[in-house]
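# Provided below for reference: sequence and predicted model.
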Amino acid sequence: MNKLLVFQSDFGREEGTVSQMYGVALGVDPSLRIHEITHEITPYDIWEASYRLFQTIGSWPAETVFVSVVDPGVGSDRKSVVVRTDSGQLIVTPDNGSLTHSAAKFGIEAVREIDETVNRAPDSEDSHTFHGRDVYGYTGARLASGIINFKDVGSLMQPEELILLPLMEPRGSSGAVDGVIDIHDVHYGNIWTNIPTILARENGMAPGEMIEVVIENDGVEAYRESIPYSRFFSAVPVGGDVLYDNELLYLALSVNQGSFAEVHNIGYGSGWTISLRKNS
Amino acid sequence: MNKLLVFQSDFGREEGTVSQMYGVALGVDPSLRIHEITHEITPYDIWEASYRLFQTIGSWPAETVFVSVVDPGVGSDRKSVVVRTDSGQLIVTPDNGSLTHSAAKFGIEAVREIDETVNRAPDSEDSHTFHGRDVYGYTGARLASGIINFKDVGSLMQPEELILLPLMEPRGSSGAVDGVIDIHDVHYGNIWTNIPTILARENGMAPGEMIEVVIENDGVEAYRESIPYSRFFSAVPVGGDVLYDNELLYLALSVNQGSFAEVHNIGYGSGWTISLRKNS
Amino acid sequence: MNKLLVFQSDFGREEGTVSQMYGVALGVDPSLRIHEITHEITPYDIWEASYRLFQTIGSWPAETVFVSVVDPGVGSDRKSVVVRTDSGQLIVTPDNGSLTHSAAKFGIEAVREIDETVNRAPDSEDSHTFHGRDVYGYTGARLASGIINFKDVGSLMQPEELILLPLMEPRGSSGAVDGVIDIHDVHYGNIWTNIPTILARENGMAPGEMIEVVIENDGVEAYRESIPYSRFFSAVPVGGDVLYDNELLYLALSVNQGSFAEVHNIGYGSGWTISLRKNS
């Protein structure tokens, strides 16, 4: 029991909401070690919440309890769940697609639907718009502190019953790979694809080469350049485009000390396709 | 002694100021559990500081020590105080109105003026513009760690001597309630009134009904619509207006997945009055 | 061993990067007490990183381990180092100038180059763009937890071998002092000089006097006013200019409840010189 409890939300830190979650959790057990992924998820963006969970949880120890609250349907009849990943971590979240990437990349070992008649902060029955504090944070705190176990959460569900968003599969052929822009590394403006580094290697692409990159938005060309594939940003001049392996070992694009997303006006999601081809 | 120490300020997190407060506090006792309400209070906005304290402290355990530093008068002759609330929490703050809402809603059991000749970080006598670090953070840390007790802070004051800002009282009559816009839920743009849910219930208003809402700014009409009163946001379409009970159990207004404050150009404060009337 | 580990970076908190650093560090030792200076350093701004370290570390206890990652050269051949300051703190950072102010103000007792063949998170060899997680955070965590000691970091270097940015020296004469604008207190827009309060005192300048302030940008006059030198902001009306001693005991300029940097369009760096002269 490492007592690690990690929050994620779209609540922001400008006011008291996140602090209320902390307070309720520390009221359960003041020795909990509460940390966070981010509270700056774009409001209501379940896709981004799903990606940030996937991006982050692999760096945390087994037994860590995550609570992710991007919950536009709060108070409606969407389910609340806790999942245990194949790596032994727990994720507490509304069942609205937030588990899409983690289910695909880490695997879900078991799912339980939260029984809110027993897993709800005392005296919170009249509150209907803040399950992050009243249900998710409170339940996460009781799991991380060992007061309850996974089996106390509620009834088992089948992993297949979880709501998941559609994911695109990357494809490779000799000297070429194709996929989509999965997300932005928003602080720097780098763009991250869903193409694993290893798929590029298997198809004969490696750092040191020049690569032709074509990006389309719903089939309309948005970017076409031959650029260096490098192990690090400063291999190109400041302001230059570079293809690199990101920290999760997927192909990614950067402007050295600039924003690729802004300079080239590139978005993300299933409509943003990318093709990479080795120059011959 | 739960060793919980919770900071609030208008310092922002872009640079080192908050970290200096942490460092001084952890120099007092490295095992302190320091958390925060927010450091994004609008600079110098004592009203907002007061509201965020009220919004948050009820979610934290008894014995928690809060330090709130929105302090435009730093270095002048404004007093520094520690109050003990009726619920057994301590709040360390300049005496400038920051305790307005907490005094009204939670009750102040006792007040002591900080004697800065003994409650000041060593070697900080030449610093006059950072009492957050030198006096408030340091004193809060010594209280939370148990090195000093409440009686060691300084002389008792009468709660009536505290500087408090004027608060408006909500009013109810059959099928109607009136009050003011107390604050914004800034991250989402929801607007929160000072009208308790229970006052609406006592006057016959409940979720499921249509309610006519009129908002005036210094007597000039700013908004007039009949909108649904619902338990949750997604009861109306995305972009629709909805009246709901907020997490503190006060009446509030939201645009589903949008900003009520921006869409309808609504502010907050005693000049922003609101009347709600059940449709007949 | 106080187990304090303090991070600084230009990563922002909008997404998962900082959380990955936390996760790897807490995987080393879940009882580490991780805090932060800021993650909002202007991207790639090594000067600002250097200043924020200097601004902050003096408030933290001896034995604290700092990890500063502003690292535009990540993956290239820039060195990675750990320094021990004269005050017994450790700083883990790329050797790119981030230690400039700390070396000048606190003194460097010893420097070791990180041997990345042994000080690198397990299974991170294929990652080349996130040394903050893989090398700096991991090594900082192992130092703060006591798993390794300073001597286990790698070979000794001479402090003179460190890359340092050029610093300007302030000068004083009777009734006058000269220096540069070293940094902004960005959240409030105050501007901070490199002129110690004590140098002003030694040359006969003290709070209560009127001071003529001239600021030039590369030799072109940007500001000239006689303004009060005061112990606190509220000595002048809201909107008024004031000279004061900042929390680090350097001369600084503020607009009371406003932004001096914005109102007067003032930058920072070695091109922004400032002269202060006592009115006679």
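Great, that's in hand.
# around chain B, pick out the residues from the stretch 151-280 of chain A.
Residues of the stretch 151-280 of chain A found near chain B (C-beta under 8 Å from any C-beta of the partner chain): none. Bear in mind the C-beta positions are built from the backbone N, C-alpha and C, glycine included.
# domain-wise, how is chain A divided?
The record's domain parsing of chain A by automatic domain parsing lists A:4-161, A:171-278.
# end to end on stretch A:95-113, go ahead and measure it.
Using C-alpha to C-alpha, to the nearest Å, the end-to-end distance of stretch A:95-113 comes to 9 Å.
# what residues sit buried inside it?
A:95-103, A:106, A:108, A:110-113 (16 or more other C-beta atoms under 10 Å in any protein chain shown).
# ok, for the residue of chain A found nearest chain C, nearest residue in space, not its chain neighbours?
Residue of chain A nearest chain C, by C-beta to the nearest C-beta: residue A:232 (2.7 Å). In space, and not counting its chain neighbours, residue A:232 is closest to residue C:75: 2.7 Å by C-beta to C-beta, 6 or more residues apart in numbering or on different chains.
# please give me every residue in contact with the residue of the stretch 1-150 of chain A found nearest chain B.
Nearest to chain B, among the residues of the stretch 1-150 of chain A, is residue A:75, at 2.7 Å (C-beta to the nearest C-beta). Residue A:75 sits next to A:128, A:129, A:131, B:231, B:232, B:233, B:234 when contact means C-beta atoms under 8 Å, 6 or more residues apart in numbering or on different chains.
# related to what we said a few turns ago, and the residue nearest to residue A:232, how far is that from residue C:81?
Residue C:75 is 16 Å from residue C:81, where distance means C-beta to C-beta, to the nearest Å.
# equivalent analysis for residue A:74, please.
Counting by C-beta to C-beta, the separation of residue A:74 from residue C:81 is 48 Å.
# of the two, which one has the most company?
Taking other C-beta atoms under 10 Å in any protein chain shown, residue A:74 and residue C:81 do not tie; residue C:81 has more neighbours (24 against 21).
# ignoring the adjacent residues along the chain, who's closest to residue A:109?
Counting by C-beta to C-beta, 6+ apart, the residue nearest residue A:109 is residue A:84, at 4.8 Å.
# tell me which residues touch that neighbour, please.
A:90, A:108, A:109, A:110, A:111, A:150.
# those residues: which two are farthest apart?
The largest separation in these, counting by C-beta to C-beta, is between A:108 and A:150 at 12.5 Å.
# pLDDT at residue A:160, what is it?
The model reports residue A:160 with a pLDDT of 95.
# in three-state terms, label it for me.
What DSSP: H, G, I helix; E, B strand; the rest coil gives for residue A:160 is helix.
# measure it to residue A:46 for me?
19 Å.
# who's more crowded, those two?
Neighbour count, other C-beta under 10 Å: between residue A:160 and residue A:46, residue A:46 has more, with 24 against 8.
# show me the contacts for that one.
When contacts are counted by C-beta under 8 Å, 6+ apart, residue A:46 is found next to A:70, A:72, A:96, A:97, A:98, A:165.
# ok, and does the lowest-mean-pLDDT helix or strand in chain A reach over to chain B?
Ranking every helix and strand in chain A by mean pLDDT, DSSP states H and E puts helix A:131 at the bottom, with a mean of 88. No - Helix A:131 does not reach chain B (C-beta under 8 Å from any C-beta); its nearest approach is 9.9 Å.
# next secondary structure after that helix?
Per DSSP states H and E, helix A:131 leads on to helix A:138-144 as the next helix or strand towards the C-terminus.
# which elements pack onto that next one?
If contacts are counted by 3 or more C-beta pairs under 8 Å, 6 or more residues apart in numbering or on different chains; DSSP states H and E, helix A:138-144 sits against strand A:4-9, helix A:17-28, strand A:65-69, strand A:90-94.
# in chain A, which spans are helices?
A:17-28, A:46-57, A:100-106, A:131, A:138-144, A:197-202, A:260-263 (DSSP state H).
# against residue C:2, how distant is residue A:74?
Relative to residue C:2, and taking C-beta to C-beta, residue A:74 is found at 41 Å.
# you'd agree residue A:166 is up against residue A:269?
No - counting by C-beta atoms under 8 Å, residue A:166 stays clear of residue A:269, with 10.8 Å between them.
# comparing these two, which shows the higher neighbour count?
More crowded of residue A:166 and residue A:269, by other C-beta under 10 Å: residue A:269, with 12 against 7.
# what count of nearby residues applies to residue A:194?
22.
# and the contacts of residue A:84, which of them are in strands?
A:90, A:108, A:109, A:110, A:111 (DSSP state E).
# columns pLDDT on top of these, output as a markdown table?
Below are the ones in strands among the contacts of residue A:84 laid out as a markdown table (pLDDT from 0 to 100):
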| residue | pLDDT |
| --- | --- |
| A:90 | 98 |
| A:108 | 97 |
| A:109 | 97 |
| A:110 | 98 |
| A:111 | 98 |
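# show me which residues of chain A sit near chain C.
By the rule C-beta under 8 Å from any C-beta, the part of chain A lying against chain C is A:2-4, A:6, A:33, A:35-40, A:52, A:55-57, A:59-61, A:64, A:185-188, A:197, A:231-235, A:244-247, A:249, A:257.
# can I get the buried part of the residues you listed as one ChimeraX selection?
Buried residues within the residues of chain A next to chain C, by 16+ other C-beta under 10 Å, are selected in ChimeraX with:
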select /A:2,3,4,6,33,35,36,37,38,39,40,52,55,56,57,59,60,61,64,185,186,187,188,197,231,232,233,234,235,244,245,246,247,257
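# was I right to think residue A:189 contacts residue A:259?
Yes - Residue A:189 is within contact range of residue A:259, at 2.5 Å (criterion: C-beta under 8 Å).
# show me the shaky parts of chain A.
In the predicted model of chain A, no residue satisfies pLDDT under 70.
# same thing but at 90, please
Residue ranges of chain A with pLDDT under 90: A:1, A:72-78, A:122-132, A:231-235, A:247, A:270, A:279-280.
# residue ranges of the strands in the stretch 101-250 of chain A, please?
A:108-113, A:156-157, A:171-173, A:176-185, A:190-196, A:210-217, A:220-228, A:241-245, A:250-255 (DSSP state E, counting those that start in this stretch).
# rebuild those as JSON lines, extending it with distance to residue A:277.
What follows is the strands of the stretch 101-250 of chain A, written out as JSON lines (distance: least, C-beta to C-beta, whole Å):
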{"stretch": "strand A:108-113", "distance to residue A:277": "35"}
{"stretch": "strand A:156-157", "distance to residue A:277": "43"}
{"stretch": "strand A:171-173", "distance to residue A:277": "10"}
{"stretch": "strand A:176-185", "distance to residue A:277": "5"}
{"stretch": "strand A:190-196", "distance to residue A:277": "12"}
{"stretch": "strand A:210-217", "distance to residue A:277": "5"}
{"stretch": "strand A:220-228", "distance to residue A:277": "9"}
{"stretch": "strand A:241-245", "distance to residue A:277": "11"}
{"stretch": "strand A:250-255", "distance to residue A:277": "12"}
